[in-house]
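Visitor: missing the sequence, but the structure's below:
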């Protein structure tokens, strides 16, 4: 699959066939659920039964939170692949195309504004299509993706990394990076500001591209987030998150990216 070119149903088949190397599932069922999930995301009518598995996974996730025990096993479900595919098609892929546009920073592209990028970290890279795309955009940089060790995603991403010349690790610590890409990542962390501070401490990026939606329900997202023992809603944690970046010497650069995503943060102090 050519990473950022137009994607069709055959690419979804290829994606799921690759997933079958690491997980046992009925491909036609997951395929239909993925297409239905994509249609529902776009506000189009779907047959309810085609969404039953992905809906059940969301219920499983929020039931676990209600009991005080988030059920992270949802990430290992073949039906979570549906969500990853929609995230790639509708969000991460578009962000990576957007930052290359000559007008994304008005008179130049965001990519061209990033000087001397030799190391890149793709946080929570999923099946690493974003990581592969970043390697294509910055061919001379060392590109690394992070994922949970011994998972289907980690194994698949590692195999793709061997083909595309990037690495997959389970820990961002000791991964000094000029540029960090975090698409739909921080909302999967129940204490995102504390996590951000740890990333800044260990990685010290000059540039960050971040796309997070703390107020949108989804598998893996939290209805509330915590910071220093206090629980707060998505809007409040989002403000705190941005203020934390400013306090640590980052400036949010105005762009022409649609809806302000991804947000472009640049170290200025």
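Guide: Structure's in. What do you need? All figures in this text were calculated on a predicted structure; none of them were measured in a lab. Numbers count the residues shown, from 1 in each chain.

Visitor: how about the helices in the stretch 151-269 of the chain?
Guide: 152-164, 192-203, 234-247 (DSSP state H, counting those that start in this stretch).

Visitor: compile the ones you listed into CSV and extend it with columns for distance to residue 34 and mean pLDDT.
Guide: C-beta: built from backbone N, CA, C; applies to glycine. Listed next are the helices of the stretch 151-269 of the chain as CSV, based on distance: least, Cβ to Cβ, whole Å; pLDDT from 0 to 100:
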stretch, distance to residue 34, mean pLDDT
helix 152-164, 15, 96
helix 192-203, 27, 98
helix 234-247, 26, 98
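
Visitor: let's have the ones you listed in CSV, adding distance to residue 135.
Guide: Listed next are those as CSV, based on distance: least, Cβ to Cβ, whole Å:
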stretch, distance to residue 135
helix 152-164, 6
helix 192-203, 18
helix 234-247, 26
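
Visitor: quick one: which of those helices is nearest residue 103?
Guide: helix 234-247 (24.2 Å; Cβ to Cβ).

Visitor: contacts for that closest one?
Guide: Residues from elsewhere that reach helix 234-247 (Cβ atoms under 8 Å, 6 or more residues apart in numbering): 186-187, 192-193, 196-197, 208, 212-216, 224-225, 227, 232, 252, 265.

Visitor: from these, which land in strands?
Guide: With strands defined by DSSP state E, the entries of those inside them are 208, 225, 227, 232, 252, 265.

Visitor: what is the nearest of the residues you listed to residue 45?
Guide: Of these, the one sitting nearest to residue 45 (Cβ to Cβ) turns out to be residue 225, at 33.3 Å.

Visitor: quick check, that closest one in contact with residue 191.
Guide: Yes - Residue 225 is within contact range of residue 191, at 6.8 Å (criterion: Cβ atoms under 8 Å).

Visitor: related to what we said a few turns ago, buried subset of the contacts of helix 234-247?
Guide: Among these, those classed as buried by neighbour count (16 or more other Cβ atoms under 10 Å) are 186-187, 192-193, 196-197, 208, 212, 214, 225, 227, 232, 265.

Visitor: of the residues you listed, closest to residue 141?
Guide: Nearest member of the buried ones among the contacts of helix 234-247 to residue 141, counting by Cβ to Cβ, is residue 208, at 15.0 Å.

Visitor: cool, thanks, signing off.
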